[in-house]
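Novice: Take a look and give me a structure for this.
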Amino acid sequence: MTTLPRQRGLTEQAADAAIDTACRLLRLPSIRNEFNDIADRAVKDQMTYRGLWTIAKFPRRKFR
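Specialist: Have a look, this model is predicted:
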């Protein structure tokens with residue numbers, strides 16, 4: 001019997017869809033509208049998960 005390796009994680013498209021759905025359910029329109037820009041900035045700045053949420057919560061402030 002052969003077992004297939006378990007894949008972990010989501011594709012970018014699946015993650016974006018999950019975030020969009022969660023933001024709709026939680027009624028977070030500003031996060032939903034700005035998430036792609038926030039996530040791109042976090043990747044560019046090599047931020048941690050906590051850093052991502054810091055700029056998500058305070059997108060117009062500079063933390064450097």
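Novice: okay, CA-based contacts and neighbour counts for the rest of this
Specialist: OK.
Novice: Where do the helices of this protein begin and end?
Specialist: Along the chain, counting by DSSP state H, helices occupy 12-25, 29-44, 49-57.
Novice: Which residue would you name as the spatial centre of the chain?
Specialist: Ala39 (5.5 Å; C-alpha atoms, centre = their mean).
Novice: which parts of stretch 26-37 are buried?
Specialist: For stretch 26-37, burial by neighbour count (16 or more other C-alpha atoms under 10 Å) applies to Ile31, Arg32, Phe35.
Novice: What count of nearby residues applies to Val38?
Specialist: Slight slip there: residue 38 is Ile, not Val. 19 (other C-alpha atoms under 10 Å).
Novice: I meant to write Asp20 there.
Specialist: Every residue meeting other C-alpha under 10 Å relative to Asp20 is counted, giving 18.
Novice: dump the residue contacts of it.
Specialist: Counting by C-alpha atoms under 8 Å, 6 or more residues apart in numbering, Asp20 touches Arg32.
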